Structures are given as structure tokens and as C-alpha cells.
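Colleague: Sequence and predicted model, in that order:
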Amino acid sequence: MLNPNQKVHPIKILLVEDNPGDVILTQEAFFESRLSIMLETVENAEDALAYLRNDDKAVPDLVLMDINLPGMSGLEALTAIKEDLHLRRIPVVILTTSSSDQDVLHAYDHYANCYITKPVQFEDFQNVIKGLEDFWFTIVRLPKP
């Protein structure tokens, strides 16, 4: 039976990640999903903001963002997203290798919806992605676009 909070249309996720290996790992982890996931990828924060502000593109249901990006950092992009009246309701999950307490505090101070440190092992990473899916797309009620 379908959970009433679960989306019936494909779930659109924007992945902001500059490491091609991490992009592939994320794609593989979502490939195993029982949900219909449409994963879009950009390599830097500037491209993420351009993508989010493009009126021709549908707003994603969730943004997964690394903080260690070339040019503008993921934390700077997070700030820009949460200051934008049209974007601030999009959940932004920080998905990064950094486990720095300072990065965690800064992310939450700038309204990150969640902070996840990437596990090193693929199986652990798959479990994190599955938990993320379960939480954001079957348990949480998100605003309608």
C-alpha cells in the first residue's frame, strides 16, 4: 500500500557534487531505490543556483549538496538558497566527507535541513541513501511546489 505522504510522480533530486566518483556512487545507490528517482547533477554551487533559479526547470524535491566545492562553497550556496523566497522551502541535505564540528554548526546556522557525513564503504553509503529516501519521501510531509 502506498503511503499517503509518498509522491506518485518521480522524485526529483538535485545532487551538487564535484567528485565524479561520488556522483557515480550516489547514482548507483539511488539505482537500487524502490522509488522513482530522477537524479540531476551539477558540479558546483554556481551551477546549482542557476539550475534552481531557472524557470524552465521544475524545482527539485530535495537538494543533496557537498560543502567542499570549487569556487563558491556548498555552505555559501546553502545560504543563498535559504535567503531566496522562492527556494527556501526546498530541503537541503548536506552530504559531505567533512565531519568537522564547525562545518556542522555552520550548516545548521544557515538552515540546512540535515547534515550527513558520507560513509567510506559503499554498503554503508547505500544504507545512508536508503534511510534518506525513507525519511524524506515516505515519512516527512513536504510542501507542494
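Modeller: Received it, and whenever you're ready, just let me know what you need.
Colleague: going forward, measure contacts and count neighbours with C-alpha atoms only.
Modeller: Noted.
Colleague: model confidence over stretch 17-37, on average?
Modeller: Mean pLDDT, stretch 17-37: 91.
Colleague: same thing with stretch 40-47?
Modeller: Summarised as a single mean, pLDDT over stretch 40-47 is 97.
Colleague: Can you pull out the residues in contact with that stretch?
Modeller: 12-19, 23, 48, 69-74, 77 (C-alpha atoms under 8 Å, 6 or more residues apart in numbering).
Colleague: now the helices for this protein?
Modeller: Listed in chain order, the helices of the chain (DSSP state H) span 20-31, 45-53, 74-83, 101-109, 122-134.
Colleague: Could I get those helices in TSV, plus columns for mean neighbour count and distance to residue 143?
Modeller: Shown next, in TSV, are those (neighbours: other C-alpha atoms under 10 Å; distance: least, C-alpha to C-alpha, whole Å):
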stretch	mean neighbour count	distance to residue 143
helix 20-31	15	23
helix 45-53	18	16
helix 74-83	20	15
helix 101-109	14	20
helix 122-134	15	16
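Colleague: Tabulate those helices (TSV), appending distance to residue 116.
Modeller: Below are the helices of the chain laid out as TSV (distance: least, C-alpha to C-alpha, whole Å):
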stretch	distance to residue 116
helix 20-31	13
helix 45-53	18
helix 74-83	13
helix 101-109	9
helix 122-134	8
